[in-house]
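S.K.: build me a model:
(2 chains)
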Amino acid sequence: EPEVTQTPSHQVTQMGQEVILRCVPISNHLYFYWYRQILGQKVEFLVSFYNNEISEKSEIFDDQFSVERPDGSNFTLKIRSTKLEDSAMYFCASEDAQSSTDTQYFGPGTRLTVL
Amino acid sequence: QKEVEQNSGPLSVPEGAIASLNCTYSDRVSQSFFWYRQYSGKSPELIMSIYSNGDKEDGRFTAQLNKASQYVSLLIRDSQPSDSATYLCAVNTPLVFGKGTRLSVIA
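M.R.: Model prediction:
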């Protein structure tokens, strides 16, 4: 069964450094999302991406964040200057635009630890 | 501010019993409703989606939606210890999640 994959599974970085989190969505899906979950808190929406552009973003997704689809398979989240409070699980999700249901399938996540 | 509220639990049920999980949402015009299961340290896994009022059954799971009351529920029949997890209610696209209800099924 097709699934969303994410790399790395765990990223440790120093405060102020840039990180890039990578996702490979399910191949025929056209909507892509990033969510994050700070330990013990709810899953929060960051950004959605469709047709090579951001379709919606939350208040969390400020200027330190960017997303890109550099090729036909990868979808990346870049955090330019990491802060301690960016430590969280980051989940990528994808959705089939052809489906009658707007069901999102999540990848396994990247645990980001900012020291 | 769109909110989704869930009782955080823990909800403890004996093996074989029915577990009942509830969720309310604030956005009256919401159209899509989802239940995800999340094991500790893992990603959300879709269990059920529901779009219209009433019940929707899939195996041991039944989702119930009442748009007038802005209420969604999930029933798990014949609960198993492997059902022990946090159950996340999510609404709309992009998803707005509740904080989740932790379910513990006691063998």
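S.K.: and the helices in chain A?
M.R.: Under the criterion DSSP state H, chain A contains no helices.
S.K.: any low-confidence regions in it?
M.R.: Residues of chain A that meet the criterion pLDDT under 70 lie in A:99-100.
S.K.: and chain B, which of its residues are near chain A?
M.R.: B:32, B:34, B:36, B:42-46, B:49, B:51, B:88, B:90, B:93-100 (C-beta under 8 Å from any C-beta of the partner chain). All C-beta spots, glycine's among them, are computed from the backbone N, C-alpha and C.
S.K.: would you mind checking the residues you listed for buried ones?
M.R.: B:32, B:34, B:36, B:43-44, B:46, B:49, B:88, B:90, B:93-100 (16 or more other C-beta atoms under 10 Å in any protein chain shown).
S.K.: ok, now which ones touch B:S69?
M.R.: Residues counted as contacts of B:S69 (C-beta atoms under 8 Å, 6 or more residues apart in numbering or on different chains) are B:T24.
S.K.: measure it to B:T24 for me?
M.R.: 8 Å (C-beta to C-beta, to the nearest Å).
S.K.: what does B:E3 give?
M.R.: 9 Å.
S.K.: circling back: just the residues of chain B next to chain A: which are in strands?
M.R.: B:F34, B:Y36, B:E45, B:L46, B:S49, B:L88, B:A90, B:V96, B:F97 (DSSP state E).
S.K.: from those residues, which two are the most distant?
M.R.: Spatially, the most separated pair among those is B:E45 and B:V96, at 18.0 Å (C-beta to C-beta).
S.K.: gap between stretch A:47-55 and the chain center?
M.R.: Centre-to-centre, stretch A:47-55 and its host chain are 12 Å apart (C-alpha atoms, centre = their mean, to the nearest Å).
S.K.: and that stretch, which residues are buried?
M.R.: Using 16+ other C-beta under 10 Å as the test for burial, stretch A:47-55 gives A:V47, A:S48, A:F49.
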